[in-house]
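> below are the sequence and a predicted model; questions follow.
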Amino acid sequence: MKCPVCIKENLTSRVYGGLGQMTSAYYPPFWDEDGKHHEHDANRRTSHYVCSLNHQWQEVTSGSCWCGWTGGKKKVIIKPDMEGEVWMIDGLYLLA
Ligand SMILES: [Zn+2]
Ligand SMILES: [Zn+2]
C-alpha cells in the first residue's frame, strides 16, 4: 500500500495504520438456483491510514464473491480539511 496523495504528488513515504472498525451484521451464505454457493458479506470495514508526510485517509471495503458481487466500492477519503476536488485512482474515489 502506498499513500494515494504521495502517488499523485510523486513523493515517497511510509504508511502507518490500519486502525479499523467493522460493522457486524450477519449475512448468511446461500445457494443459488443452480446450487452454487455464494457468500455476500456486506459488512464494511473502515481502516484509517496515515503516511509519514501526514496525509490521512480511510479505506472502506466489504466482502466480495466469486460471482462478481461486491458490497461496495473501495472509497478513499483524504482527511485534511481541504475543500475541493474529487479524483479517482484505480477505481478508488478520492476526496482531497
Ligand atoms: Zn502521503
Ligand atoms: Zn455471489
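Here it is on my side, so go on. Ligands and ions are numbered 1, 2, ... in the order given.

> how close does Asn53 get to Glu59?
Actually, residue 53 is Leu. It isn't Asn. Taking CB to CB, to the nearest Å as the measure, Leu53 and Glu59 are separated by 18 Å. Heads up, the C-betas are built off the backbone N, CA and C, glycines and all.

> between the two, who's got more neighbours?
With neighbours defined as other CB atoms under 10 Å, Leu53 and Glu59 compare such that Glu59 has more, 19 against 13.

> name the helix or strand for the more buried one, please.
Secondary-structure assignment from DSSP states H and E places Glu59 in strand 56-62.

> packing partners for that strand?
strand 44-51, strand 75-78 (3 or more CB pairs under 8 Å, 6 or more residues apart in numbering; DSSP states H and E).

> would you single out the least confident of those?
Lowest mean pLDDT of these: strand 75-78, a mean of 58.

> isn't Asp32 up against His38?
Yes. With contact defined as CB atoms under 8 Å, Asp32 reaches His38; the gap is 6.1 Å.

> so between the two, which is more surrounded?
Summary of the neighbour comparison: Asp32 and His38, criterion other CB under 10 Å, with His38 having more neighbours (13 against 9).

> for Ile7, see how far away the more buried one is.
From His38 over to Ile7 (counting by CB to CB), the distance is 34 Å.

> with Glu39 instead?
Using CB to CB, which is the criterion applied here, Glu39 is 32 Å from Ile7.

> can you list the residues of the protein near ligand 2?
Applying CB under 5 Å from the ion, we find that the chain lies next to ligand 2 at His38, Cys65, Cys67, Trp69.
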